[in-house]
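Visitor: Structure for this input, please:
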Amino acid sequence: MANFTAADVKTLRDRLGAGMMDSKNALVEADGDIEKAVEILRVKGLKGVAKREGRQTTAGLVAAKASGGYATLIELASETDFVAKNEKFIALADSVLEAVAASGAKDAAEGNAAAIGGQTVEAFVNDEAALMGEKVELRTVARVEGTEFAIYLHKTSKDLPPQVGVVVGYTGSDAETARSIAQHVAFAAPTYLSRDEVPAEDVAKERAIVEETAKNEGKPEAALPKIIEGRLTGFFKEIALLDQAYAKDSKLSVAKVVEQAGIEIQGFARIKVGA
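Guide: This next block holds a predicted model:
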């Protein structure tokens, strides 16, 4: 019988983020030698990377940092919450974030191609995933340009790392309001900063829908223009940050809040794990 204890299994799991059975089997094969078990898990894990390719990564975390005139937000995805909350995984996310931010990557493709430790981020993540025994991937990267930054990382569960991340770039000195706007973005999930950014074809499509709907409801022809504009305003309030009702005071628009605070929102990004 292999010479190892339950504490050895825990040590190996905590060190690598590997599953319990994978850790136990590796220790059996290594006759209780933890370092040898690490190498066994690495070799077996690398062989399993291709097999895990089609698996779903619905867990993970978000992380962000600001440096110079830019802020970077990433989603590092995993298959299970067990791996997502492991210290090894959290440390991996920190390393990946540093590399991605330094590279200036604007999306996941550029982020995965970034350099880290003499290899690409994608290869580095795969090496670490091999030890964790499940699929791990840098799935989302966003980069925001700004003068100042408000970063908000929201935990949907106290036992897990942040699941929703927001970065807001802004000018002005009211950091408290800027952070509040970042919290609003986490809650309200706008797609665009202002209605001017909404693609014209999307607006035209929505206009056609609300016009047809109003006609089908039997609304008077003379009232249609006002009804259509009113419903389009509602459309913009759903997707454009500055048009939205402020989460902390629905009587105010976000545009009014930032005006009163003397700040200007330059851009934002929001990432939710698994979305």
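
Visitor: This structure: helices as residue ranges?
Guide: 6-16, 20-29, 34-48, 81-84, 87-103, 108-113, 121-132, 175-188, 200-216, 224-239, 254-261 (DSSP state H).

Visitor: Going by neighbour count, which residues of the last one are buried?
Guide: Buried residues in helix 254-261, counting neighbours by 16 or more other Cβ atoms under 10 Å, are found at 254-255, 257-258, 261. Every C-beta, even on glycine, is put in place using the N, C-alpha and C of the backbone.

Visitor: Show me what it is packed against.
Guide: Using 3 or more Cβ pairs under 8 Å, 6 or more residues apart in numbering; DSSP states H and E as the contact criterion, the elements in contact with helix 254-261 are helix 175-188, strand 245-246.

Visitor: Identify the residues contacting that helix?
Guide: Outside helix 254-261, the residues within contact range by Cβ atoms under 8 Å, 6 or more residues apart in numbering are 170, 172, 174, 177-178, 180-181, 184, 241-246, 249, 264-265.

Visitor: Please pick the buried ones from those residues.
Guide: 170, 174, 177-178, 180-181, 184, 241-244, 246, 265.

Visitor: Any regions of this protein where pLDDT drops low?
Guide: Within the chain, the stretches with pLDDT under 70 are 1-2, 16-19, 43-55.

Visitor: Excluding chain neighbours, what is closest to Val136?
Guide: Nearest non-adjacent residue to Val136, counting by Cβ to Cβ, 6 or more residues apart in numbering: Ala129, 3.8 Å away.

Visitor: Starting from Ala77, give me the distance back to the one you found.
Guide: Look at Ala129 and Ala77: by Cβ to Cβ, to the nearest Å, they are 10 Å apart.

Visitor: Need the overlap of contacts for these two.
Guide: Residues touching both Ala129 and Ala77 (Cβ under 8 Å, 6+ apart) are 136-137.

Visitor: Could you double-check that His241 lies in contact with Phe187?
Guide: To be clear, residue 241 is Leu; His isn't right here. No. Leu241 is not in contact with Phe187 according to Cβ atoms under 8 Å; the separation is 11.6 Å.

Visitor: got the helices of the chain as TSV, with distance to Phe149 columns?
Guide: Formatted as TSV, those follow (distance: least, Cβ to Cβ, whole Å):
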stretch	distance to Phe149
helix 6-16	33
helix 20-29	40
helix 34-48	37
helix 81-84	25
helix 87-103	12
helix 108-113	19
helix 121-132	22
helix 175-188	8
helix 200-216	28
helix 224-239	23
helix 254-261	15
